[in-house]
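> Test case, fold it:
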Amino acid sequence: MDALTTETVTLHALYALAWITFGAGHSFLAGQTGTQGLRNLLGAWYRFSYNTLAIIHIAAVAAFGWWLFDGGAPFDRPGWLIPMMTGAVFVGIAVFLAGLANYDGKRLLGFLQIGAGKTGQPAQDDEPLNFNGINRYIRHPLYAGGFLILWGRATDEFGLATAVWGSLYLLIGARMEERRLIRMFGGEYVDYRRRVPAYIPWRGRAV
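The predicted model follows:
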């Protein structure tokens, strides 16, 4: 293996390790032990703090990758591929926003929990099952949008590495999310999973 190849492998390994730290940390804090620890430490601010920590961590991972790959020189792409990748980014953003529309924004960001804490009332973190909007077609619109954005932005070595490791994180995260939803909703979610695809709406309107 020549020096250039060794250097490239090392860069990708370091970037992969950075993504692993994010995935492990995010998963731990999202789990029962991590969530309870944040509750004990921060009270009603635990959900807001969880989101803030996640944003800071993923931003640090991206900045580290940008530094590793020195920004990355754009790939020499065929002319037909450029508009397709740009379109994928815009479609991904639209899918992502359509998925967010099915969430309670205050609950998701942690503001509902902060408000409840001021009144001494507990606030439920988990969203109820929602079969409206884009969830009629795919189960995981946020992840689907993320895939499109990541691969649409794979225009250089940094973007490609980010797409690879980011996609792996999303796939693992989706599997863990499915297990959590099955524990929470049982047969109702199992039936939903049987009828509705995960990322690609190949069945059309399934609900």
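> For the chain, which segments count as helices?
3-30, 32-42, 46-68, 81-100, 105-109, 111-119, 141-152, 157-185, 187-195 (DSSP state H).
> Any idea which of the ones you listed gets closest to E127?
Nearest to E127 among the helices of the chain is helix 105-109 (6.8 Å), distances taken as C-beta to C-beta. (Each C-beta comes from the backbone N, C-alpha and C, glycine too.)
> any idea of the mean pLDDT for that closest one?
For helix 105-109, mean pLDDT is 88.
> buried sites along that helix?
R107 (16 or more other C-beta atoms under 10 Å).
> In a markdown table: the helices of the chain, plus distance to A206.
Output for the helices of the chain, formatted as a markdown table (distance: least, C-beta to C-beta, whole Å):
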| stretch | distance to A206 |
| --- | --- |
| helix 3-30 | 27 |
| helix 32-42 | 31 |
| helix 46-68 | 30 |
| helix 81-100 | 15 |
| helix 105-109 | 24 |
| helix 111-119 | 30 |
| helix 141-152 | 13 |
| helix 157-185 | 16 |
| helix 187-195 | 5 |
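> Out of the ones you listed, which one sits most buried?
Ranked by mean neighbour count, the helices of the chain are led by helix 141-152 with a mean of 22 (mean count of other C-beta atoms under 10 Å).
> What is that helix packed up against?
Helix 141-152 sits against helix 81-100, helix 157-185, with contacts defined as 3 or more C-beta pairs under 8 Å, 6 or more residues apart in numbering; DSSP states H and E.
> that older thread, out of the helices of the chain, the one nearest P201 is which?
helix 141-152 (8.7 Å).
> Pull the residues that contact the closest one.
Taking contacts as C-beta atoms under 8 Å, 6 or more residues apart in numbering, the residues outside helix 141-152 that touch it are 85-100, 102, 134-135, 138, 162-163, 166-167, 170, 173-174, 198-200.
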